[in-house]
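Student: let's see this in three dimensions:
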Amino acid sequence: MKRHHTAATAALTLLCALGAAPASAASEPATRSLPYGSTQTVRPGDRLTVSAAYGQAVPGDRVTSKALVGLETLRMRTPVATATVTVACRTKPGVYPVGIVGPGEGPTDQKPAPWAKVRVERVDDAAVHTCRDKAGHRPPESSEERWGADTTWPQSPWDVRTFRPGSRITVTDNGHEGADGRITLHSAAFTGKPVLRGARAVLTAPATIKCGLEPGVYPVYQHKATTGKVEVELWARLRITADSRKEADGCRTEDGEGGKEAGKSGKEEGTKAALASADTRADTDTGPAISTSTAAWSAGGAGLVAAGGAFYAFRKRGARRTGNS
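Tutor: Take a look at the predicted model:
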């Protein structure tokens, strides 16, 4: 009898725990896929994922439609570039095209490349109110990208990879042909100010990560010397995690730099970056542990390319493979 009583008590406890789950979590609709060439029936507030393979679009391109909230940027999530879009709460019933436009900020007058369509169902005022309430409590999407570990760093400003304090890395720039020696990299994570060098389109610079850095996300700025002035651009981000810091215990860099002062300045800069990022939790590692390669992006998305066709050329920021770094 005692055994049955214990089992009944455990079952009751489980039911109570399930009943205590937030209503918003239970009622939040699952994100569905919006494949190329498809027509999906949706309701205001529904969330859809656009996944573009190599040849269909590039990271940085944006998803647009009169039925959606704003323009969402495609972010690299190896092996495909993805964006999560939301059907606007006040969207009227009807069929709306969804398209892809190039990178940029704010509205655009570009003609979208067709992607898919959404058929929006009619809903009542109560459903619109619920939609708005959920939208107000939904956390922002992370801007961080996951590129293959065999690609050079950085592929984009949101290619946030994890490095070990004291390690020596190679930084690569694919977009400033002819700028040999004119771009300096500044970061609280570096021991010095590396200068990008290269006779052709690809510029590189060796950099050493400081010892003693506090966990956090550290921005890297490009200082570009132009006629009579220096242009400053937030160009990249890197992450130091608690685990990567432990792995570097006792590290010293070539110039003899140790830990304490680096940790102080690094923590300050890392905190600023964390405040600016949508997802910069110091204990989350989204760096080089990702092992899927750029080749997997092409091969893994072959089905998407076959279904959708290649209507976008792979433009300026092509993924380049790493050498020895």
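Student: what secondary structure does Lys117 sit in?
Tutor: Under DSSP: H, G, I helix; E, B strand; the rest coil, Lys117 falls in the strand class.
Student: residues contacting it?
Tutor: Neighbour list for Lys117: 38-40, 95-98 [criterion: C-beta atoms under 8 Å, 6 or more residues apart in numbering]. For every residue, glycine as well, the C-beta is placed using N, CA and C.
Student: which of those are buried?
Tutor: 40, 96, 98 (16 or more other C-beta atoms under 10 Å).
Student: okay, and which of those map to strands?
Tutor: Using DSSP state E, the subset of the buried ones among the contacts of Lys117 located in strands is 40, 96, 98.
Student: for the residues you listed, give me a markdown table that also has distance to Trp147 and pLDDT.
Tutor: Below are those laid out as a markdown table (distance: C-beta to C-beta, whole Å; pLDDT from 0 to 100):
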| residue | distance to Trp147 | pLDDT |
| --- | --- | --- |
| Gln40 | 29 | 98 |
| Tyr96 | 32 | 98 |
| Val98 | 25 | 98 |
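Student: would you turn those into JSON lines with distance to Gly166?
Tutor: Formatted as JSON lines, those follow (distance: C-beta to C-beta, whole Å):
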{"residue": "Gln40", "distance to Gly166": "50"}
{"residue": "Tyr96", "distance to Gly166": "53"}
{"residue": "Val98", "distance to Gly166": "47"}
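Student: which one among the residues you listed gets closest to Val128?
Tutor: Nearest to Val128, judged by C-beta to C-beta, of those is Tyr96 at 17.0 Å.
Student: which residues does the closest one bridge with?
Tutor: Val118 (DSSP bridges).
Student: can you give me the helices for this structure?
Tutor: Along the chain, the segments classed as helices by DSSP state H run 2-19, 23-27, 125-137, 242-247, 260-276, 294-300, 302-308.
Student: for the closest residue to Leu34 other than its chain neighbours, what are its contacts?
Tutor: Spatially, and ignoring its direct neighbours in sequence, Leu34 is nearest to Leu48 (4.2 Å; C-beta to C-beta, 6 or more residues apart in numbering). Going by C-beta under 8 Å, 6+ apart, Leu48 touches 31-34, 40, 42, 84-87, 118.
Student: can you check Asp125 too?
Tutor: Contacts of Asp125 by C-beta under 8 Å, 6+ apart: none found.
Student: one more: the one 5 residues further on?
Tutor: Under the criterion of C-beta under 8 Å, 6+ apart, the neighbours of Thr130 are Gly45.
Student: cool, and Thr108?
Tutor: With contact taken as C-beta under 8 Å, 6+ apart, Thr108 is in contact with 62, 64, 71, 101-102.
Student: next one: it relative to Thr64, how far apart?
Tutor: 7 Å (C-beta to C-beta, to the nearest Å).
Student: could you do Gly192 as well?
Tutor: For Gly192 relative to Thr64 (C-beta to C-beta), the value is 43 Å.
Student: ok, these two, which is more surrounded?
Tutor: Thr64 (21 against 17; other C-beta atoms under 10 Å).
Student: what's around the closest residue to that one other than its chain neighbours, how many residues?
Tutor: Spatial nearest neighbour of Thr64, chain neighbours left out: Leu71 (5.0 Å); criterion: C-beta to C-beta, 6+ apart. The number of residues packed near Leu71 is 19, by other C-beta under 10 Å.
Student: so Leu238 bridges to which residues?
Tutor: Beta-bridge pairing for Leu238 (DSSP bridges): Arg161, Tyr218.
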